[in-house]
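1. sequence and predicted model, in that order:
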Amino acid sequence: MKIKHQLAIFNALTRLLVILILWLMLPILVENVVYHHINNSLLEKKKKFIEHLNQKEINDFLDNPGDSTETFSEFSTLHSEFLVLSRSPIKERHKNIVFSNDYRKIEGEENEYRILRYYFSYEGEGYQLEIGSSLSEVNDLTFVIRFFILVVFVVILIITFLADTVYIEYLLKPFYKIIDTKIRRVNEPEAFDHTPINAKSRDFRELDLVLNQMMDRIAELFKKEKQFISNVSHELLTPIALLKNKFENLLQNESLDDNAVDKIAGSLKTLDMLKKIINNLLLISRIENNQYEANEQINFYEIIDDLQSDFQDRMEDREIHFENLMKYNYDFIGNKTLIHILVYNLVTNAIKYNRPKGNISVEDGFEKGRYFVSIADSGLGMSEAHLEKIFKRFARISSDQDGQGLGLAIAESIASFHHIEIKVVSVINEGTTFTLLLPEVSKHN
C-alpha cells in the first residue's frame, strides 16, 4: 500500500474515532443541558406553587370525599406536565428536593417524565409535591441530534478523506517523480538524470540532492571497476600470447617424447580457454561501457537462417531436428554483430543441452504489440534454482558440460544494451524456451 493511502486512511480513522466519541458524547451533553433547563423550570414552578399556597388551598386540593388517598393531581391537556400534591410524613432521610426520571401512566398513556419531588411541612403537617415534565420531546430531540451528527460527520469524513488524498498526492508528487525518473528508469549510473526535482518540501529536495551525490559515487565506482576489468583483460592477453607462442615453438622440437607433447598440447588448450574467457569479459565490459554503436538494421529471420546453416553439421552429428517457424520479416535497429552473438549463444545452448535426436524450434510473433523471437529445445530442462542464476557470470548448470559459463551472461548484457527482455521457461526433462521480447520502437538505441 502506498504511503499516501496509508496517511489518508490513518487520518480517516482518527477522524472516525473523534466522530464516534462526539456521536456518543454529544447527546449526553445535550441531555444534561436539557435536564438542567427542565430542572430550573420545575424549580420555578415549585416556587410559584409554594409561594401562593395556604391551608385553605391545601384543604381544597385534598378535599375529595370520594377519594381516601388525600392526593391532588393535575395534568396538562397533552399530558406534557403534571402536578401531584399528597400528604406524606416527613422523614429525616428525605431530601427536600429530589430529581428523577420515571414512567407515569396517565389516562392509559404511559410516558417518561422528569420529576421533581419536594418534601415540605405546613402547619405541622407533612406533604409531598411532585411536578413532572414529559421527556418525549427530549428523547425525540436526542434522536434527531444523533442522526444529524451522524450525517454531518459522515459527509465531513468523506470530504476530508478526499481532500487529504488529493493534498497528500500533491505533497508526495516530488517523491514519486524521484522514484520514477531517477530510480525506476535507470539501469546504468551513466543514464542517471541529475536534473533537480522541483519540490517545495525541503525533505524531498534534500533526498534528491543525496540521491544525486550517491549516484555520482556509484557511477565513479562502476567506471573504475569496468576500466579495471578492461585493463586487466588487455594486460593478460599479452602474456597469454607469449606463452602460447613459446609452447608452439616447443612443439617443433623433435626431441620431445609423446608425454611431453601431450602436456604442451594440454597447456595450449588451457591457454586458448583462458584467452576465450578474457575476450568474453572484454566483450561484456565494452557492452556495459556502451562502446558499440546501435544504428544498423537487423533482420532476425536472416540471422536464424544463417545460424541454421552454420550449425547444420553439428546438429546432424547429434541428429537434432531444427525447425524455423518464423512468419514475420521484422527489422530491428541495433548492433548487428552483438545481436548475432546473442542469438548464436542461445542456439548454441539449445544444441549443447539438448538430447540426441531432439528438436529445436524457432518462432516469432507479437505480444501486446511487441515483437518476440522464441528458441525452444527438447533438452534436459532446468530447475527453479538453476533458472535464478543462469545469467550470472561463470554459472554452469552442470560441471560435466564444457564452457566457461559466460554465454548467457553475454546474452543478457547484449539484451540489456538493446533494451530487449529475455524470458526463460523450463521444465525438467522436457526442455527450455528462451524468448527475446523486443522493445517498442521508441526505445531502440
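-> Structure's in. What do you need?
2. break this protein into its domains for me.
-> Taking automatic domain parsing as the criterion, the chain consists of the domains 3-140, 202-288, 296-443.
3. so which of the ones you listed gets nearest Leu150?
-> Closest to Leu150 of the domains of the chain, according to C-beta to C-beta: domain 3-140, at 6.1 Å. In short, each C-beta sits where N, CA and C put it, glycine included.
4. follow-up on the earlier one: got JSON lines for the domains of the chain, with mean neighbour count, mean pLDDT and distance to His194 too?
-> Shown next, in JSON lines, are the domains of the chain (neighbours: other C-beta atoms under 10 Å; pLDDT from 0 to 100; distance: least, C-beta to C-beta, whole Å):
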{"stretch": "domain 3-140", "mean neighbour count": "14", "mean pLDDT": "74", "distance to His194": "25"}
{"stretch": "domain 202-288", "mean neighbour count": "14", "mean pLDDT": "81", "distance to His194": "5"}
{"stretch": "domain 296-443", "mean neighbour count": "16", "mean pLDDT": "87", "distance to His194": "21"}
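5. can you list the ones you listed in a markdown table and add distance to Asp164?
-> Shown next, in a markdown table, are the domains of the chain (distance: least, C-beta to C-beta, whole Å):
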| stretch | distance to Asp164 |
| --- | --- |
| domain 3-140 | 5 |
| domain 202-288 | 19 |
| domain 296-443 | 36 |
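6. of these, which is nearest Phe153?
-> Nearest to Phe153, of all the domains of the chain, is domain 3-140, at 4.1 Å by C-beta to C-beta.
7. where's the closest one relative to the chain centroid, distance-wise?
-> Averaging C-alpha positions (C-alpha atoms, centre = their mean, to the nearest Å) puts domain 3-140 59 Å from its chain's average.
8. can you pull out the strands in this protein?
-> In the chain, the strands defined using DSSP state E lie at 71-75, 81-87, 97-106, 109-122, 125-134, 296-299, 321-324, 331-334, 359-367, 370-377, 421-427, 431-437.
9. and the closest residue to Ala350 other than its chain neighbours, what does it touch?
-> Distances taken as C-beta to C-beta, 6 or more residues apart in numbering place Asp377 nearest to Ala350, at 4.0 Å, with adjacent residues excluded. By C-beta atoms under 8 Å, 6 or more residues apart in numbering, the contact list for Asp377 reads 349-351, 353-354, 358-360, 431-433.
10. can you lay out those as JSON lines showing distance to Ser136?
-> Formatted as JSON lines, the contacts of Asp377 follow (distance: C-beta to C-beta, whole Å):
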{"residue": "Asn349", "distance to Ser136": "88"}
{"residue": "Ala350", "distance to Ser136": "89"}
{"residue": "Ile351", "distance to Ser136": "94"}
{"residue": "Tyr353", "distance to Ser136": "89"}
{"residue": "Asn354", "distance to Ser136": "91"}
{"residue": "Gly358", "distance to Ser136": "92"}
{"residue": "Asn359", "distance to Ser136": "90"}
{"residue": "Ile360", "distance to Ser136": "90"}
{"residue": "Gly431", "distance to Ser136": "84"}
{"residue": "Thr432", "distance to Ser136": "82"}
{"residue": "Thr433", "distance to Ser136": "80"}
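11. please tell me I have it right and Gly379 contacts Pro356.
-> No - between Gly379 and Pro356 no contact is recorded; they are 10.3 Å apart, counting by C-beta atoms under 8 Å.
12. quick one: the residue nearest to Val427 when sequence neighbours are not counted and Val425, what's the gap?
-> Spatial nearest neighbour of Val427, excluding adjacent residues (C-beta to C-beta, 6+ apart): Gly381 at 5.0 Å. When C-beta to C-beta, to the nearest Å is the yardstick, Gly381 and Val425 sit 10 Å from each other.
13. which residues do those two both contact?
-> Where contact means C-beta under 8 Å, 6+ apart, the residues bridging Gly381 and Val425 through contact with each are Thr432.
14. in the stretch 301-445 of the chain, which spans are helices?
-> For the stretch 301-445 of the chain, helices defined by DSSP state H, counting those that start in this stretch occupy the ranges 312-317, 336-352, 384-387, 407-417.
15. between the ones you listed, which gets nearest to Asn39?
-> Among the helices of the stretch 301-445 of the chain, the nearest to Asn39 by C-beta to C-beta is helix 384-387 (78.7 Å).
16. please name every helix or strand in contact with that closest one.
-> For helix 384-387, the contact count by 3 or more C-beta pairs under 8 Å, 6 or more residues apart in numbering; DSSP states H and E identifies strand 421-427 as packing neighbours.
17. which neighbours does the strand it packs on have in its sheet, and in what orientation?
-> Using DSSP bridges, the strands paired with strand 421-427 in its sheet are strand 431-437 (antiparallel).
18. centre of the chain to the partner strand, how far?
-> Taking the mean of its C-alpha atoms, strand 431-437 sits 30 Å from the chain's own mean (C-alpha atoms, centre = their mean).
19. now stretch 283-293
-> Averaging C-alpha positions (C-alpha atoms, centre = their mean) puts stretch 283-293 36 Å from its chain's average.
20. can you show me the CA trace of it as CSV?
-> This file holds the C-alpha atoms of stretch 283-293, laid out as CSV (Å, rounded to 0.1, in the frame of the first residue of the first chain):
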residue,chain,number,x,y,z
LEU,A,283,33.1,-8.1,-24.7
ILE,A,284,30.9,-7.7,-21.6
SER,A,285,33.0,-4.8,-20.4
ARG,A,286,32.7,-3.0,-23.8
ILE,A,287,29.0,-3.6,-23.9
GLU,A,288,28.4,-2.2,-20.4
ASN,A,289,30.6,0.8,-21.3
ASN,A,290,28.4,1.5,-24.3
GLN,A,291,31.4,1.2,-26.7
TYR,A,292,29.2,-0.2,-29.5
GLU,A,293,27.1,1.7,-32.0
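21. what are the contacting residues of that stretch?
-> In this structure, residues lying in contact with stretch 283-293 by C-beta under 8 Å, 6+ apart are 188, 190, 226, 229-230, 233, 335, 337-338, 341, 393, 406, 409-410, 413-414, 417.
22. now do 6 Å
-> Surrounding stretch 283-293, the residues in contact under the criterion C-beta atoms under 6 Å, 6 or more residues apart in numbering are 226, 229-230, 335, 410, 413, 417.
23. would you format those as TSV with distance to Ile168 included?
-> Supplementary listing: the contacts of stretch 283-293 in TSV, determined by distance: C-beta to C-beta, whole Å:
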residue	distance to Ile168
Lys226	42
Ile229	46
Ser230	48
Asn335	46
Ile410	46
Ser413	41
Phe417	39
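24. do I have it right that Ile303 meets Leu342?
-> No - Ile303 is beyond contact range of Leu342, at 9.1 Å (criterion: C-beta atoms under 6 Å).
25. Ile115 is nearest to which of the helices of the stretch 301-445 of the chain?
-> Across these, Ile115 has its closest neighbour in helix 384-387 (80.4 Å, C-beta to C-beta).
26. how far does that closest one sit from the chain's center?
-> Here helix 384-387 is found 27 Å from its chain centre; the criterion is C-alpha atoms, centre = their mean.
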